[in-house]
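S.K.: Return atomic coordinates for the entry below.
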Amino acid sequence: MDLHLVKAIASFILPPTGLIILGMVGMGISLIWKKLGMWVASLSLSGLLLCSLPAVSAILVESLQTDPPIPENELKKTLAQADAVVVLTGGRRAAAEEFGDDTISGYSLERVRYAAWIVKRTGLPLIISGGRVHNNETVSEAQLMRRILQKEFIVIVDHTEEQSRTTFENANYTAQFLKENALRKIALVTHAWHMPRAKASFNYFDIQVIPAPTAFYGRNKSARFDDYLPSAEALKFSGIAFHEIFGQWWYGLRYYK
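M.R.: Residues are numbered from 1 along each chain as shown. Okay, here's the model as predicted:
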């Protein structure tokens, strides 16, 4: 199935859009069956409200953050057996006028920073994986990330994989390069909530992964009043959590057979 079609389907069925559409369906049903329609609309609004609560979004995202962070003082020991660091791109910000061209997104920048942190402390080779998601993009995300790493973080990039458009393709194309160069064990850098799907994809291609997750969300264990006030950020992270859950299900259905 085409990548863009899958993305479109996911955007329509996952929160928040899926809940909004469900509410609209409920309003339509109420024109014929009032009680049923109101119940469906109420269900959608309740779901939207819950997803916008930081306390709820933290629970959803935390369920995905199964790999713990690597303590800074244990970094060299933990990654001693790794052959290379592989960092996955996380999107671009198109037409960033203040930089004169496309640049990496905030997600990519968080991954770049941690990858640079690791490489400077371990001396491991660095590989970037990420291509062009849309045909009108002239430069791959891996190249955008490479520029930032080499010019701003002063870190040498040893290889860029520029064909992939999805996490599964990240693993597929990167694994080909790794095997050609007798590299079998990697430190994998991506967001903590993205790590389960990314790790499973690399494992599928017989690449051993030492998880090096970054940018954990919802790790503040002290309860706060704000945790129970709706926020746009919480709604965004609830959407991310459902996207990852859907992605794991879809990969299992399509690839892991």
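S.K.: so what's M1 scoring on pLDDT?
M.R.: Turning to M1, the model gives it a pLDDT of 64.
S.K.: Check the chain for me, the residue farthest from its geometric middle.
M.R.: Here the chain reaches farthest from its C-alpha mean at I32, the gap being 41.8 Å by CA atoms, centre = their mean.
S.K.: need the contact list for L149.
M.R.: V112, A115, A116, L126, I128, V155, V157 (CB atoms under 8 Å, 6 or more residues apart in numbering). Just so you know, the C-beta spots here come from the backbone N, C-alpha and C atoms, and that holds for glycine as well.
S.K.: could you give the mean pLDDT of the helix or strand harbouring the first one?
M.R.: In the assignment (DSSP states H and E), V112 maps to helix 106-122. Mean pLDDT, helix 106-122: 98.
S.K.: picking up where we left off before, surely the residue farthest from the centre of the chain is within a helix?
M.R.: No - I32 is assigned coil when assessed by DSSP: H, G, I helix; E, B strand; the rest coil, not a helix.
S.K.: quick one, strands of the stretch 101-250 of the chain?
M.R.: Assigned by DSSP state E, counting those that start in this stretch, the stretch 101-250 of the chain shows strands spanning 101-104, 126-129, 159-161, 185-191, 208-214.
S.K.: residues in contact with the first one?
M.R.: In other words, strand 101-104. Here strand 101-104 has contacts from 89-96, 112, 137, 139, 141, 144-145, 148, using CB under 8 Å, 6+ apart.
S.K.: Mind doing that once more with 10 Å?
M.R.: With CB atoms under 10 Å, 6 or more residues apart in numbering as the test, strand 101-104 has contacts from 89-96, 109-112, 130, 137-139, 141, 143-149.
S.K.: that older thread, looking at the contacts of L149, point me to the pair that's furthest apart.
M.R.: Distance extremes for these: the farthest pair is A116 and I128 at 11.4 Å, using CB to CB.
S.K.: before we move on, the earlier item: can you pick the most crowded of the contacts of L149?
M.R.: When neighbours are counted by other CB atoms under 10 Å, I128 leads the contacts of L149 with 30 neighbours.
S.K.: Fine by me, we can end here.
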